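**Student:** Model the structure of this input:
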Amino acid sequence: MIACRNLSRQFGRLFAVRDLSFELPAGSIGALLGPNGAGKSTTLGLLTGLLKPTAGIAMVGGIDVSTNPIELRQRIGVVPETLGLFDGLTVEEHFLLSGSIYGLSRAETMDRVEDLLSLFDLTERRGSFAGECSHGMRKKTALAMALLHNPAYLFLDEPFEGLDPLASRAFQDLCRTLAARGVTIFLTSHILAIVERLATRVLMLRQGRLAWDSENQARPESLEETYFHLVEQPKPVELPWLG
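**Tutor:** All right, here's what the predicted structure looks like:
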């Protein structure tokens, strides 16, 4: 289970996240929605130990994120907003480095690497340096790295952004398979159509506060209309000089 109670993070006088509370059961796919600056990436940072909370508690699999960061990192896979890649390492070298960090033997790492390279269509680019890869290839590499050590919890910041349609569908199918096996997935996304198909639980943030929770509040409209109604409304665009 992923859980937080009255979780807050303050930067100076600004609250990026304020009094956030929810529980996500094991085997769920939770999605966190909101506009840029709403606190989504900050929330993932708090839940994965990358940021310290100003107040409140975050728990992942019964582990207090603030007090047991090393134990936590053995059990989670993370794709941060920055992807966390090294431009001077090849795609394959990223996997070998990750495998050693998580205590996998080289043989076991390579067996898993072959499967992941095939899944994300990276086999022919395994020797490419990350700095030479397209954004989509870098995203695939980061996703594969997050899966390498078989984590019980996945935290993914915009996992589908930059993926081609085939890779996006393959990863959606994999998420469903992993959830059915008990893996808990928590992701952010701006692609509402994918979230509507994939997520079993949807949370919406507005200015760092929880604005809507699909578990407790009915959704008479589509997810997109609910988002526009509760979080932010599209502004009319009038450029009379254009076209």
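
**Student:** With only the CA atoms kept, save the lengthiest helix in the chain in PDB.
**Tutor:** Counting by DSSP state H, the longest helix found in the chain is helix 165-180. Output of helix 165-180 as PDB, limited to C-alpha atoms (Å, rounded to 0.1, in the frame of the first residue of the first chain):
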ATOM      1  CA  PRO A 165       2.000   4.600 -30.000                       C
ATOM      2  CA  LEU A 166       3.300   1.000 -30.100                       C
ATOM      3  CA  ALA A 167       5.600   1.500 -27.100                       C
ATOM      4  CA  SER A 168       2.900   3.300 -25.200                       C
ATOM      5  CA  ARG A 169       0.400   0.500 -25.700                       C
ATOM      6  CA  ALA A 170       3.000  -2.200 -24.800                       C
ATOM      7  CA  PHE A 171       3.800  -0.400 -21.600                       C
ATOM      8  CA  GLN A 172       0.100   0.100 -20.700                       C
ATOM      9  CA  ASP A 173      -0.400  -3.600 -21.200                       C
ATOM     10  CA  LEU A 174       2.600  -4.300 -19.000                       C
ATOM     11  CA  CYS A 175       1.200  -2.000 -16.300                       C
ATOM     12  CA  ARG A 176      -2.000  -4.000 -16.200                       C
ATOM     13  CA  THR A 177      -0.100  -7.300 -16.000                       C
ATOM     14  CA  LEU A 178       2.100  -6.000 -13.200                       C
ATOM     15  CA  ALA A 179      -0.900  -4.700 -11.200                       C
ATOM     16  CA  ALA A 180      -2.600  -8.100 -11.600                       C
END
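
**Student:** Give me the distance between the helix or strand following it and the centre of its chain.
**Tutor:** Remark: after helix 165-180, the chain's next helix or strand is strand 184-188, criterion DSSP states H and E. The chain centre lies 5 Å from the centre of strand 184-188; the measure is C-alpha atoms, centre = their mean, to the nearest Å.

**Student:** Strand 184-188 - which strands sit beside it in the sheet, and in what orientation?
**Tutor:** Using DSSP bridges, the strands paired with strand 184-188 are strand 29-33 (parallel), strand 153-157 (parallel).

**Student:** In a markdown table: these, plus mean neighbour count.
**Tutor:** The way it works is simple: take the backbone N, C-alpha and C, and place the C-beta from them, glycine included. Formatted as a markdown table, these follow (neighbours: other C-beta atoms under 10 Å):
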| stretch | mean neighbour count |
| --- | --- |
| strand 29-33 | 25 |
| strand 153-157 | 23 |
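
**Student:** where along this protein do the strands fall?
**Tutor:** 2-11, 14-24, 29-33, 55-60, 63-64, 76-79, 153-157, 184-188, 201-206, 209-213 (DSSP state E).

**Student:** Give me the contacts around the longest helix of the chain.
**Tutor:** 27-29, 119-121, 136, 140, 143, 154, 159-160, 163, 185, 194, 197-198, 200 (C-beta atoms under 8 Å, 6 or more residues apart in numbering).

**Student:** in that helix, what's buried?
**Tutor:** Buried residues in helix 165-180, defined by neighbour count with 16 or more other C-beta atoms under 10 Å: 167-168, 170-172, 174-175, 178-179.
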